[in-house]
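> Below is the sequence, then the predicted model.
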Number of protein chains: 2
Amino acid sequence: MSIFHRSIKPDTATKESEISQTKKQKMDADYFENYGDIAIHEEMLRDKIRTNAYRMAILKNYKKFYGKTVLDVGAGTGILSLFCVQAGAKKVYAIEASEMAEQTRRIVKENEMEERIEIINCKVEEAELSEKVDIIVSEWMGYNLLYESMLESVLFARDKFLKKDGHMFPDRASLYIAPITDDDYTDRLCIWNDVEDFYKVSMKSMIPYARRCISKTVQIMCIPQEWIQSHGCQIFTSNLKTSSLSEIQKVQSNFEFKCFGHSTIHGFVTWFTVEFPDDITLTTSPYTDETHWSQTVLHIRDPFNVEQDTTINGSITIKPNDSKPRFLDICLVHKKDDGHEKIETFLMDEHLT
Amino acid sequence: MSIFHRSIKPDTATKESEISQTKKQKMDADYFENYGDIAIHEEMLRDKIRTNAYRMAILKNYKKFYGKTVLDVGAGTGILSLFCVQAGAKKVYAIEASEMAEQTRRIVKENEMEERIEIINCKVEEAELSEKVDIIVSEWMGYNLLYESMLESVLFARDKFLKKDGHMFPDRASLYIAPITDDDYTDRLCIWNDVEDFYKVSMKSMIPYARRCISKTVQIMCIPQEWIQSHGCQIFTSNLKTSSLSEIQKVQSNFEFKCFGHSTIHGFVTWFTVEFPDDITLTTSPYTDETHWSQTVLHIRDPFNVEQDTTINGSITIKPNDSKPRFLDICLVHKKDDGHEKIETFLMDEHLT
């Protein structure tokens, strides 16, 4: 027996009332400790789609950066701060809450930018700057855009530190959803048939339970384009210059799809885009090159068949989990043509598959 | 940015004194909830080396099982219980603490063995049986043999429920260690050089920190045989029929290796074997077919060179973490020839890579 803790348990979230303040602080400490781990930074640097989108957005907009002051929220290795100085920024405040800040300082020195980049090792909510800034840059996006809820910290920084006519990099974020067929779905269940061949005992009766388990699991994966069974539908868009905290704290949207053709729908996929000034877009769409965010797949309990122009409509709600606000509660309601509404709930926590 | 929580943080373990009883119960609850997740059972059933070793051990020893009573500790899908009935067991008590027990019951019924197999849905420590049993079967092994500390429950069951002349399946467990070279080690670090090519900023100064992070991480992986740089050394063996709890609660052993030839040592690998009556052995050795346990790799802080017959000696201590007893603290002391002793510490927790 051996465990990998990567499953989702929507039923077992601790209630708000059971969470002490100490525990919340502990959770926050865990969050920032994890970012100290090198593997995450390696993964982000290896993701050229991500890093080059920021690089291009900053360098192409050098006129906005030249001689200006910048705040980098969640600086990590400091790479965005370095880009800002390369674009001509006069001063960059690089806020990094994790122990990584010590390394950020080393990297800034290696690039001889210590006179222009000031590392601030605390949470942005606790930071004090001696001036307001012209630009905020941040790479705050999590899986399914909002996982980790770091966007709240960015908007906090905007309200406290950004000049009235300042710029946000990125300045728009949008989330999309589409129904999918999952060609691997049947393979995942076949072990329960194979057991008879392998070991001469029968476990077919497990299949309904196995299907229920799959439907509770939020999966992070790059899906083949062919799985997508309708045009995507935008379920969230936010102007990061003007959006209020309440707008990003709860995503709630209806959707309607007309299916491309005959297929079995096993669930839904989400992806996101962020946009920068001067028409630069970073997308995690399944129609473009892979990023380290992949896409987010939500399996439904009972797969169903569709034909060309079958309508699927419904709604999705995404909001921070009450007791663990860096995690997400997702509620998906869907209906095929005039059929019955189905309700699916997910907790997107650290046990992703 | 996006997190996968799979890193090891030896420095951040919560202290015993900070752990309330409620929290301990919560940890236990998490442990048993996780096993309810289907993916783990799928993985174990797909592991034919594991499952066939138990199947063969039970069926080949049918004379021991025929007409006898058996206790299956941590039954899961119940597959070992089914094998026991196939081998002729008169009665099997299948203890399963997780919500999986409901499915175990369904599988037993599907195989028409409900008259011989009794499912008991509680922890073994809380179970009461109306009789003592002739045989205990259990698949209790975790990564690095002892991760999860389920062996304690098996010995508890032995002391409470096994007849004096009863049998344990398996009845022996051993752990081995060997020094390795890691051919991927350099690749892992190269991103910090590549950044200059990719993005025109320099991050070479991260390499020492990256090496430190790798050395803190316990990695579960199947290593190529060629990585092994000396014969393995047994660091633990236990007769499960007679071992006391204290013997398995702390592994402490010296080791000495004579290296095969010129190489760089990046760390150590461990693997285990368990043995059953009638000479049937299940091994997770890197010299045989892969199992879902893979091997456990412990990277050292400063890789060093060796030549043929270079001696590496030292000691290893493995014990349950004080505050999270299902996790393991590992302390490795090693020395090349007459060099200085190096001490490496690891916490083997849910953040494995």
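Thanks, I have the structure now. Numbers count the residues shown, from 1 in each chain, chains lettered A, B, ... in the order given.
> State the pLDDT value of the closest residue to A:Ala94 other than its chain neighbours.
Using CB to CB, 6 or more residues apart in numbering or on different chains and skipping residues adjacent in sequence, the residue nearest A:Ala94 is A:Ala75, 3.8 Å away. Using the backbone N, CA and C atoms, a C-beta is placed for each residue, glycine as well. Note on A:Ala75: pLDDT of 97.
> any idea which element A:Ala75 lies in?
Here A:Ala75, judged by DSSP states H and E, is contained in no helix and no strand.
> Quick one: neighbours of it, just the number.
Look at A:Ala75: counted by other CB atoms under 10 Å in any protein chain shown, it has 30 neighbours.
> any low-confidence regions in chain A?
A:1-36, A:351-353 (pLDDT under 70).
> And for it, the residue most distant from the center?
Seen from the C-alpha centroid of chain A, the residue lying at the greatest distance (CA atoms, centre = their mean) is A:Lys200, 44.0 Å away.
> Hmm, that residue is touching B:Ala87, no?
No - taking CB atoms under 8 Å as the definition, A:Lys200 is not a contact partner of B:Ala87, at 11.9 Å.
> What strands line up against the longest strand anywhere in chain A, and which way round?
Among all segments of chain A classified by DSSP state E, the strand with the greatest residue count is strand A:263-276. In the sheet containing strand A:263-276, the strands it pairs with under DSSP bridges are strand A:172-180 (antiparallel), strand A:280-283 (antiparallel), strand A:295-306 (antiparallel).
> Now do the buried residues in it.
Judged by neighbour count using 16 or more other CB atoms under 10 Å in any protein chain shown, the buried positions of strand A:263-276 are A:263, A:265-276.
> could I have it exported to PDB, CA atoms only?
Taking C-alpha atoms only, strand A:263-276 is exported to PDB below (Å, rounded to 0.1, in the frame of the first residue of the first chain):
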ATOM      1  CA  SER A 263     -20.200  12.400 -29.000                       C
ATOM      2  CA  THR A 264     -20.300  11.400 -25.300                       C
ATOM      3  CA  ILE A 265     -19.800  14.300 -22.900                       C
ATOM      4  CA  HIS A 266     -17.700  13.300 -19.900                       C
ATOM      5  CA  GLY A 267     -17.200  16.700 -18.400                       C
ATOM      6  CA  PHE A 268     -16.000  20.300 -18.900                       C
ATOM      7  CA  VAL A 269     -12.700  22.000 -19.500                       C
ATOM      8  CA  THR A 270     -11.700  25.400 -18.400                       C
ATOM      9  CA  TRP A 271      -8.800  27.600 -19.500                       C
ATOM     10  CA  PHE A 272      -7.900  31.300 -19.100                       C
ATOM     11  CA  THR A 273      -6.300  34.200 -20.800                       C
ATOM     12  CA  VAL A 274      -4.600  37.300 -19.400                       C
ATOM     13  CA  GLU A 275      -4.100  40.400 -21.600                       C
ATOM     14  CA  PHE A 276      -1.400  43.100 -21.400                       C
END
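> In the stretch 51-200 of chain A, mark out all the helices, start to finish.
Remark: helices assigned in the stretch 51-200 of chain A by DSSP state H, counting those that start in this stretch are A:62-65, A:79-86, A:101-110, A:151-161, A:185-189, A:191-199.
> what helix or strand is whichever residue of the stretch 201-350 of chain A sits closest to chain B on?
Of all residues in the stretch 201-350 of chain A, A:Cys213 sits closest to chain B, with a separation of 3.9 Å (CB to the nearest CB). When elements are assigned from DSSP H and E, A:Cys213 belongs to helix A:207-216.
> what angle separates that helix from helix A:191-199?
Note on geometry: by axes from the mean of the first three to the mean of the last three CA atoms, to 10 degrees, helix A:207-216 and helix A:191-199 are set 130 degrees apart in direction.
> now for the helix or strand following helix A:207-216, which elements pack on it?
Per DSSP H and E, helix A:207-216 leads on to strand A:218-221 as the next helix or strand towards the C-terminus. Packing partners of strand A:218-221 (3 or more CB pairs under 8 Å, 6 or more residues apart in numbering or on different chains; DSSP states H and E): strand A:295-306, strand A:342-348.
> cutoff 7 Å now
When contacts are defined as 3 or more CB pairs under 7 Å, 6 or more residues apart in numbering or on different chains; DSSP states H and E, strand A:218-221 sits against strand A:295-306.
> List the buried residues of the strand it packs on.
When neighbours are counted by 16+ other CB under 10 Å, the buried residues of strand A:295-306 are found to be A:Gln295, A:Thr296, A:Val297, A:Leu298, A:His299, A:Ile300, A:Pro303, A:Phe304, A:Val306.
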